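# Curious how this folds, go ahead:
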Amino acid sequence: MLALAALIFFQLRWIQHSTELLEEQFSHRVDMALCNAVEQMADSKSCAEITKGCSVKSGNEGCQVKLDSIFRTAEGSVALQEALAFYKLDLPYQISVVEKLENAPSSHSCSLSPLIEDETHYLNIDFKDQKSFILGRLGFMAYSSFAIILFIGLVFILSSYYLIRQKRMSEQNLDYFNHMTHEFRTPLTNIKLASKLLSQKQGVNGNHRYLNIIQEESHQLMEQVDRVLHLARLDEEEFTLKKEPIDTPKMVEKTLQDMSLRISNSQAEVSFTQSPNLPPLLADRFHLSHVIRNLLDNALKYSPKGAIIELVIKDTPKGLLIQIKDNGPGISVAQQKRIFQKFQRGASAKTTGQKGFGLGLAYVKKIIDLHQGQIQLRSETGQGTTIDIYLPQTQKLAYA
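So this is what the prediction gives:
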């Protein structure tokens, strides 16, 4: 809006400046034409006869009448018209001889001193269509400027209309999406509860094929629903992190313990190392633990059976480093540029048929940004992937 207003302002100022220059040039040419006509008539014998003995003083009306008649004769009219034509001033006009007053004479005037002995009278000229003439000289540039301003204004109005409309549609879609995911969560919770009760029922052991499928698939779908709900909450303007001093190594150990079954099923080897005497970290425990879970889940999901995953926490000058490294298929350079965007999935996810919406890393990036941290991805195709997370910390915190 401000850019459009500034553009219109400068465009109008340019037109005004150009108009002032043309008016100044017009006045100068008129004055030159009048003075040329006066000098030409000063050399005329007929003019000398008319002004003979006309050494005027203020108030001599008879002499003023004589001077006024000079440029109404055929010779005077021709001289004036030729002078105007020479300066390309083809406009209807009216002439008059005026007496010099205390205030300055009109800009379109010339002293009659070549005809008389003093400068008491001036030849004055008025044009009826002066403004039209100047606008005509301004010509194409003025009309094109107004056309550009009009066009930009229309584009701005249409863009604003469609942006507002798109925003409303996006809000409606987001509301619908959130309501839908909430509706999914209720039956999924019931399915998980029912399958758990069935597995505990007498005569049904824990290795029952169909119950395992129900539990695994419902768990996967519940995770996807939770990610959608988490991202929806993060997109709300009122969202704020619930930060508290946390023991990061303990939080990671708790996450690994919660994922122990998932790690065991993948036959993966996960090593965890930490620097001694790490200071507390001011962070949101819930969301940061989900960040670790998401990254570990990706490493397990996209790496082959028996994957080797290294998880490291240490203190660095850039902040607390949380590093997760795997020996999976890696990510190409082209995919790395957009891997943290919503609904973006790597080629390995598509080829292996792994389920997901491409929201996990977008959620991770959002949480790290809200913590004012940094996330870096280093990977080569076939060489595994390393993700470094740097979070700011302070030595003065005490554990909650």
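# From now on I want contacts and neighbour counts done on CA atoms only, so please keep to that.
Noted.
# Okay, strands next: where are they in the protein?
Counting by DSSP state E, the segments of the chain that form strands are 93-99, 109-111, 121-127, 243-246, 269-274, 281-284, 308-316, 319-326, 374-379, 385-391.
# which regions of the chain sit below the pLDDT cut-off?
1, 48-62, 101-107, 174, 177-178, 201-207, 227, 231-238, 343-358, 394-400 (pLDDT under 70).
# Domain parsing of it, as residue ranges.
According to automatic domain parsing, the chain comprises the domains 2-128, 136-234, 243-391.
# circling back to that earlier point, hey, which of the strands of the chain is tucked in deepest?
Mean neighbour count (mean count of other C-alpha atoms under 10 Å) peaks for strand 109-111 among the strands of the chain, with a mean of 24.
# I'd like to know which elements that one is packed against.
helix 2-42, strand 121-127 (3 or more C-alpha pairs under 8 Å, 6 or more residues apart in numbering; DSSP states H and E).
# Looking at the ones you listed, which is nearest to I339?
Among the helices and strands packed on strand 109-111, helix 2-42 comes nearest to I339, with 33.9 Å by C-alpha to C-alpha.
# Who are the packing partners of that closest one?
Partner elements for helix 2-42 (3+ C-alpha pairs under 8 Å, 6+ apart): helix 74-86, strand 109-111, helix 130-200.
# The longest one to helix 2-42, inter-axis angle?
Computed with axes from the mean of the first three to the mean of the last three C-alpha atoms, to 10 degrees, the direction of helix 130-200 lies at 170 degrees from that of helix 2-42.
# for helix 130-200, packing partners?
By 3+ C-alpha pairs under 8 Å, 6+ apart, helix 130-200 packs against helix 2-42, helix 209-234.
# and of the helices and strands packed on strand 109-111, who's closest to R185?
Short answer: helix 2-42, nearest of those by C-alpha to C-alpha, at 45.6 Å.
# returning to what we had before: please identify the most buried of the helices and strands packed on helix 2-42.
Buried most deeply of these, by mean count of other C-alpha under 10 Å, is strand 109-111, with a mean of 24.
# ok, residues contacting that strand?
With contact meaning C-alpha atoms under 8 Å, 6 or more residues apart in numbering, strand 109-111 is reached by 30-31, 34-35, 38, 119-125.
# so which of these comes closest to L211?
V30 (101.7 Å).
# Quick one: residues contacting that closest one.
84, 87, 89, 108-109.
# In JSON lines: the contacts of strand 109-111, plus distance to Q11.
Formatted as JSON lines, the contacts of strand 109-111 follow (distance: C-alpha to C-alpha, whole Å):
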{"residue": "V30", "distance to Q11": "29"}
{"residue": "D31", "distance to Q11": "31"}
{"residue": "L34", "distance to Q11": "35"}
{"residue": "C35", "distance to Q11": "37"}
{"residue": "V38", "distance to Q11": "41"}
{"residue": "E119", "distance to Q11": "44"}
{"residue": "T120", "distance to Q11": "44"}
{"residue": "H121", "distance to Q11": "42"}
{"residue": "Y122", "distance to Q11": "39"}
{"residue": "L123", "distance to Q11": "38"}
{"residue": "N124", "distance to Q11": "35"}
{"residue": "I125", "distance to Q11": "33"}
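# ok, the residues you listed vs L12, which is closest?
V30 (26.8 Å).
# how much space between the closest one and E119?
According to C-alpha to C-alpha, to the nearest Å, V30 stands 19 Å off from E119.
# now R13
39 Å.
# between these two, which one's more packed in?
E119 (16 against 12; other C-alpha atoms under 10 Å).
# need the contact list for the closest residue to that one other than its chain neighbours.
Distances taken as C-alpha to C-alpha, 6 or more residues apart in numbering place S113 nearest to E119, at 5.0 Å, with adjacent residues excluded. Counting by C-alpha under 8 Å, 6+ apart, S113 touches 119-121.
# can you list those residues in TSV and add distance to D129?
Below are those laid out as TSV (distance: C-alpha to C-alpha, whole Å):
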residue	distance to D129
E119	29
T120	29
H121	25
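# what number of residues lie near A42?
Considering only other C-alpha under 10 Å, A42 is surrounded by 18 other residues.
# re the thing from before, so which of the helices and strands packed on strand 109-111 is the most packed in?
Buried most deeply of the helices and strands packed on strand 109-111, by mean count of other C-alpha under 10 Å, is strand 121-127, with a mean of 20.
# Alright, that wraps it up for me.
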